[in-house]
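Asks: Here is my input, please return the structure:
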Amino acid sequence: MIYSGLVSVTFRKLSPAEIVALVKQAELKGIEWSGDVHVPSGDLGRAREVREITQESGLSVAAYGSYYRVGQGESPGFSFEQVLETAVELGAPTIRVWPGGAGSDSVNEEGRWKIIQDLRRIADLASRALVSVSLEFHGGTLTDTNESASKLMVEVDHANILINWQPHNGETTGECMHGLDEVLPRVGNVHVFHWWPTAAERHPLADGAERWAAFLTLLQQVPGDRFALLEFVRGDEPEAFLRDASTLKQWLAQVQPGRQ
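Replies: Purely as a prediction, here's the structure:
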């Protein structure tokens with residue numbers, strides 16, 4: 001089952017209460033709460049508060065969007081243990097992390113192995129807390145190409161690691177479909193947007209109907225539940241978000257008849 005939702009970092013300037021109200025207005029189902037502004041790592045009081053206002057509004061915490069860079073060393077006050085503790089207090093079922101701090105073509109074998117070892121470590125820690133780890137499918141990391149992302153999942157070989165999938169900027173629909181198919185059994189949540197051909201060019205989600213029809217049709221074949229989460233919108237405007245939310249709900253209804 002694919003549920004609809006929002007990545008809270010889409011609206012950095014809004015408070016958690018304002019974001020919850022907006023998601024309710026849009027009639028979406030969940031929120032990935034961001035660790036860079038809305039639920040800072042280590043602020044357990046804020047995590048509890050945000051969990052409560054989310055759940056009291058009938059919404060789900062879809063994920064904790066941390067900015068932990070795997071294999072890059074832990075700065076004081078920003079250990080993965082602290083990130084995990086925050087996620088547990090938030091009630092998040094998964095923690096989004098970045099697999100490394102550089103693109104795959106600039107990371108040597110030693111650097112890649114360091115990231116793999118750290119991934120296994122944090123996946124073990126999270127598993128004991130019944131939380132999964134989701135790798136951002138993103139440029140500037142070891143998931144910046146379809147080939148590197150697929151290879152990384154084989155190298156890590158850990159049941160508690162998922163892929164937080166999104167289309168790579170500038171890739172054709174066919175290239176994106178190939179990459180998605182390569183990691184499909186391990187896909188958790190998905191970030192939804194229509195930026196083309198670069199991240200600087202944001203378009204209404206409806207303009208990406210052909211691409212996303214193919215992506216969602218493939219995704220709905222995967223067993224289990226996941227969220228399709230809107231991330232960033234044209235002009236960072238709530239009105240644009242509401243339009244994109246309506247589009248996303250229509251698409252999900254088409255690939256999941258009779259279900260929302």
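Asks: What is the neighbour count of the nearest residue to Leu184 once chain neighbours are set aside?
Replies: Leaving aside its sequence neighbours, Leu184 sits nearest to Val222 (Cβ to Cβ, 6 or more residues apart in numbering; 6.0 Å). The C-beta positions use only the backbone N, C-alpha and C, and glycine is treated the same way. For Val222, the neighbour count with other Cβ atoms under 10 Å is 15.
Asks: just Gly174 next, same as before
Replies: Neighbouring residues of Gly174 were enumerated by other Cβ under 10 Å; the total is 9.
Asks: And Leu142, by the same measure?
Replies: Using other Cβ under 10 Å, the number of residues around Leu142 comes to 28.
Asks: And for His168?
Replies: 17.
Asks: Relative to Val255, how far out is it?
Replies: As defined by Cβ to Cβ, to the nearest Å, His168 lies at a distance of 22 Å from Val255.
Asks: Also Gln166?
Replies: Taking Cβ to Cβ as the measure, Gln166 and Val255 are separated by 17 Å.
Asks: Of the two, which one has the most company?
Replies: Neighbours were counted for Gln166 and for Val255 using other Cβ under 10 Å; Gln166 has more, 21 against 18.
Asks: Skipping adjacent residues, who's closest to that one in space?
Replies: With Cβ to Cβ, 6+ apart as the criterion, Gln166 has its nearest non-adjacent residue at 4.0 Å, and that residue is His191.
Asks: secondary structure class for that neighbour?
Replies: Following DSSP: H, G, I helix; E, B strand; the rest coil, we place His191 in the strand state.
Asks: Hmm, Leu229 and it touching each other?
Replies: Yes: with the criterion set as Cβ atoms under 8 Å, His191 and Leu229 qualify as a contacting pair; they are 5.6 Å apart.
Asks: out of these two, which sits in the busier spot?
Replies: With neighbours defined as other Cβ under 10 Å, His191 and Leu229 compare such that Leu229 has more, 28 against 22.
Asks: Surely the more buried one and Ser8 touch.
Replies: No: in this structure, Leu229 is not within contact of Ser8 by Cβ under 8 Å, at 9.4 Å.
Asks: Would you map the helices across this protein?
Replies: Along the chain, counting by DSSP state H, helices occupy 16-26, 44-56, 80-90, 109-128, 146-156, 173-183, 209-219, 238-255.
Asks: Can you give me the neighbour number for the residue nearest to Ala129 when sequence neighbours are not counted?
Replies: Counting by Cβ to Cβ, 6+ apart, Ala129 lies nearest to Val88, which is 5.4 Å off, once chain neighbours are set aside. Neighbourhood size, Val88 [other Cβ under 10 Å]: 18.
Asks: now swap in Glu18 and tell me
Replies: Neighbour count of Glu18, defined by other Cβ under 10 Å: 12.
Asks: distance of the residue lying closest to it once chain neighbours are set aside from Glu32?
Replies: Leaving aside its chain neighbours, Glu18 sits nearest to Phe11 (7.6 Å; criterion: Cβ to Cβ, 6+ apart). Separation of Phe11 from Glu32 (Cβ to Cβ) stands at 12 Å.
Asks: Neighbour count: the two, which is higher?
Replies: Taking neighbours as other Cβ under 10 Å, Phe11 and Glu32 compare with Glu32 leading, 27 against 22.
Asks: which residues of this structure score low on pLDDT?
Replies: Low-confidence regions of the chain, defined here as pLDDT under 70, cover residues 75-77, 258-260.
Asks: how does it look with 90?
Replies: Counting by pLDDT under 90, the chain shows low-confidence ranges at 67, 72-78, 169-170, 196-200, 256-260.
Asks: starting at the chain centroid, how far to stretch 87-104?
Replies: In terms of Cα atoms, centre = their mean, to the nearest Å, the centre of stretch 87-104 is set 8 Å apart from its chain centre.
Asks: So for the protein, the centremost residue is which one?
Replies: Geometric centre of the chain, nearest residue: Asn164, 4.7 Å, by Cα atoms, centre = their mean.
Asks: Nice, that's everything, thank you.
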